[in-house]
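got a sequence here, can you model it:
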Amino acid sequence: RLVPSAMAQAIFGGKVPVLDSWVLPGQAESAPPDQITRYDFNPDEARKQLDDAGYLANDTGVRANSEGISLTLTLLTTENTPVRQQITRLFQQNMRDIGIDVQVQALPAEDLFSPDGPLFQRQFDMALFGWSASSDPGGLLLWSCAAIPSPDNDFSGDNFAGWCVRDGNRAIREAVTALDPEQRFAAYVRQQQLWTEALPVLPLFQRMTVVLATPGVRGLQPDPLAPITWNIVSWQRARP
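Predicted coordinates for the structure are as follows:
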């Protein structure tokens, strides 16, 4: 977890929470930290696993297997996004330290997220992007098997990682449709347990949003899961 922590510290001064799951810490459905898998930052273990997989270090600094195939991967992201540019630079360095070369390809957002683009067509090594959360985590469009973009669903759904396991699919469907609060919570916890163990996506951190208001405006209550105007009926402007 030190990589996201270091990123959060470097980019936001440590003022944003590092994520252990796709469900946000402030949501009622968030699994308790001691009930999910959390992988510690361990470059030595990463190097050992790469060695065991047959990708050995060489004079170039980039690991390769016995067939000469090097660990050079492409990371797709959006262009003209300063925060993501900072993230990619830090990520490239982290990966280079263990012998993986990451080449960044920044695309216009309309190209990256186009139905004909690499995300929905699932033609990428890695991708860096964000998503907007709401007070209800949902999850069917993110993690159900039916949400994997394919010709069968006209390349819809946001399960770009293609993560599909029977128990995980069953859990997210039960979590979204259950009416009993305890059953709903238990299903969300079970799904997060399976998800964090497999880790099809590495969550980093929540983005910081800064709200500026003149001293005379009162009643603003920023909420990480709602737009700033969620309680606009309570706003007041002090008389001069």
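
need the helices for the protein, in chain order.
Using DSSP state H, the helices of the chain run over 2-12, 43-52, 82-97, 109-112, 118-121, 140-143, 166-177, 181-198.

residues making contact with the fifth one?
Think helix 118-121. With contacts defined as CB atoms under 8 Å, 6 or more residues apart in numbering, helix 118-121 is touched by Leu76, Leu107, Leu112, Phe113, Ser114, Phe124, Ala127, Phe129, Pro149, Phe155, Ser156, Phe160. Where C-beta positions appear, they are placed from N, C-alpha and C, glycine not excepted.

so how do I select the buried members of these in PyMOL?
Selecting only the buried entries of the contacts of helix 118-121 in PyMOL, with 16 or more other CB atoms under 10 Å as the criterion:
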select buried, resi 76+107+112+124+127+149+155+160
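
and which of the contacts of helix 118-121 is nearest to Arg239?
For the contacts of helix 118-121, the closest approach to Arg239 (CB to CB) belongs to Phe129, at 45.2 Å.

what pLDDT does that closest one get?
Phe129 is assigned 94 on the pLDDT scale.

show me what contacts it?
Thr77, Thr78, Arg84, Leu112, Phe113, Leu119.

adding pLDDT and distance to Ala31, write those out as TSV.
Output for the contacts of Phe129, formatted as TSV (pLDDT from 0 to 100; distance: CB to CB, whole Å):
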residue	pLDDT	distance to Ala31
Thr77	97	28
Thr78	96	30
Arg84	93	27
Leu112	96	30
Phe113	95	29
Leu119	96	27
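
any chance of TSV for those, columns distance to Pro17?
Below are the contacts of Phe129 laid out as TSV (distance: CB to CB, whole Å):
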residue	distance to Pro17
Thr77	22
Thr78	23
Arg84	18
Leu112	26
Phe113	25
Leu119	25
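
picking up where we left off before, among the contacts of helix 118-121, which one sits closest to Thr196?
Nearest to Thr196 among the contacts of helix 118-121, with distances taken as CB to CB, is Phe160, at 17.8 Å.

can you get me a residue count around the closest residue to that closest one other than its chain neighbours?
Distances taken as CB to CB, 6 or more residues apart in numbering place Leu119 nearest to Phe160, at 5.2 Å, with adjacent residues excluded. Using other CB atoms under 10 Å, the number of residues around Leu119 comes to 20.

gap between Leu119 and Thr78?
The gap separating Leu119 from Thr78 is 11 Å, by CB to CB, to the nearest Å.
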